[in-house]
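Asks: After the sequence you'll find the predicted model.
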Amino acid sequence: MKKWMVISTIVSLFIVSACGGNTNNGGNNGGNNGGAATNAPAATDAASEAPAASEDITPEEGATLVVWDSKNERGFIDGIAKEFTEKYGIPVKVEDVESPDQVGKLLTDGPAGIGADVVTFPHDSLGKAVAAGILLPNDFYADTTKADNAEAAVNAVTSGDVLYGYPRSVETYGLFYNKDLVKTPPTSFEEIIEFSKTFNDAGSNKYALMWELGNFYFNYPFIATTGGYVFGDNGTNPADIGLNNDGAVEGVKVYQSLKNILPIESGDATADIIQGKFADKSLAMTITGPWKVGDFKNLGINFGVVPVPTIGGKAAVSFSGVKAWYVNSFSKYPNAARLFAHYVSSKESQLKSFQYNGAIPANKEAMEDPIFKADEISSGFAAQFVNSQAMPSIPEMGGVWDPIGAAFSDVWNAGKDPKAALDNAVQQIKDASQGAAQ
């Protein structure tokens, strides 16, 4: 299951993506189409500060900006646009374009001179945007961006050693536990195994832990925690595949051993089945992401979220996604656009986005801010994000999901040797890549 394709289009409680979007009625590359944001809410204390003027780039005389953002984010972005205009005297017009649609739209609207000056989208579309030449590097604010934000977030919005994005929010998964059943959340899979000895009842399908067993997105900790990886060079080198190295094999052996406490077929661990069992208390824990928080709350489950348990004594390494702001390379006002992208991605702005929409900040200080830390669920995801790796965004990633997913299923359902299953998956990935190159 290509989970990130789903995650890019949903973001539940934290980055909820509404359906649809308006077409652009005039960008800011061919004329003055900007207008000050209206009906914006008052700024909160958390977002009232801005970078010192001496640290800012000099915007073009008479600059106006157009910014694209998802419709459901308007409460946040309208407020930031108003603050920015009041501080810098640069009018900002916000237009509704859903985040997953922005790269495709900018591919045509950018060169035509009608695209937005500043856009925002998930990092898995970065490679496509860079290849098309529609983005300006984050150069003037590069050092600040790298210093202020989590390393995994910075890596995710970097392509070919060039930083392009201004991180906005992050997403990964964690361990959900029912507080009525689990008084102290486990920190290791060994602790989960011990808990299962007193909780499990296979006859009534009652289990300590269940997750989507055949989904590589959630199984990545069993590859990466012990030293495996998808592609080398931070996910950018398709010639270097680390899915079957010694570390990966070690982790998948741990995965295989967990069938002792979850004796079911991988196909029987679907999202719907897991949700039902978590709700009726026949499941104590699951591994999933923030998009399920709303569902679980609506079901009345008393739950908490903590990092994925350690594997082999090492902090679990999960997949993560990063949403960021980018500057259109065809912008008529590139300096003003850079200034806005920096302003809207600041610590204060990221905290305000959290307050409006529950978006988990990428900024390291924001993650430690009392406003954010007071939210147990969000801070649980943030703690896991620190140990995450951004999902590779290169085209070759598309050929990974099916072979590696099949390998995990063979290991779980058929008891296949982990090394043999992973070797077979890697060979399929290489064959597909070579076929595509011919």
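Replies: Sure thing, it's come through. Residues are numbered from 1 along each chain as shown.

Asks: which residue packs closest to the spatially most central residue of the chain, ignoring adjacent ones?
Replies: In the chain, the centroid-proximal residue (Cα atoms, centre = their mean) is G321; its distance is 2.0 Å. Excluding the flanking residues, the one nearest G321 by Cβ to Cβ, 6 or more residues apart in numbering is E171, at 4.6 Å. For glycine as for every other residue, the C-beta is placed from the backbone atoms N, C-alpha and C.

Asks: One more: P221?
Replies: A316 (4.2 Å).

Asks: Also R168?
Replies: By the measure of Cβ to Cβ, 6+ apart, the closest residue to R168 outside its immediate chain neighbours is K323, 4.8 Å from it.

Asks: Return the backbone torsion pair for the one you found.
Replies: Dihedral angles phi and psi of K323 (degrees, to the nearest 10) take the values phi -100, psi 140.

Asks: and what of the one 4 residues further on?
Replies: V327 has phi and psi values of phi -110, psi 130 when expressed as degrees, to the nearest 10.

Asks: contacting residues for it?
Replies: 117-118, 135-136, 138, 334, 337-338, 341 (Cβ atoms under 8 Å, 6 or more residues apart in numbering).

Asks: Verify the contact between N302 and K179 for me.
Replies: Yes - between N302 and K179 there is a contact under Cβ atoms under 8 Å: 4.6 Å.

Asks: next SSE after the worst-scoring helix or strand of the chain on mean pLDDT?
Replies: Least confident element among the helices and strands of the chain, by mean pLDDT, DSSP states H and E: helix 3-7 (a mean of 38). Next helix or strand after helix 3-7 toward the C-terminus (DSSP states H and E): strand 65-69.

Asks: I'd like the average pLDDT over that next one.
Replies: On average, the pLDDT along strand 65-69 is 98.

Asks: hang on, the earlier thing: please name the bridge partners of the residue nearest to R168.
Replies: P122, S169 (DSSP bridges).

Asks: Find me the pLDDT at it, would you?
Replies: 96.

Asks: Number of residues surrounding the closest residue to A315 other than its chain neighbours?
Replies: Computed as Cβ to Cβ, 6+ apart, the closest residue to A315 that is not its neighbour in sequence is N387, at 4.6 Å. As a burial measure, N387 scores 20 neighbours (other Cβ atoms under 10 Å).

Asks: quick one: N387 and P309 touch, right?
Replies: No - counting by Cβ under 8 Å, N387 does not reach P309; the two are 11.7 Å apart.

Asks: between these two, what contacts are shared?
Replies: By Cβ under 8 Å, 6+ apart, the residues touching both N387 and P309 are A316.

Asks: what about A414, how many neighbours?
Replies: The burial count for A414: 9, using other Cβ under 10 Å.

Asks: For stretch 171-182, which residues meet the burial criterion?
Replies: Within stretch 171-182, the residues that qualify as buried by neighbour count (16 or more other Cβ atoms under 10 Å) are 171-178, 181-182.

Asks: Between the two ends of it, what distance do you get?
Replies: Taking Cα to Cα, to the nearest Å, stretch 171-182 runs 25 Å from one end to the other.
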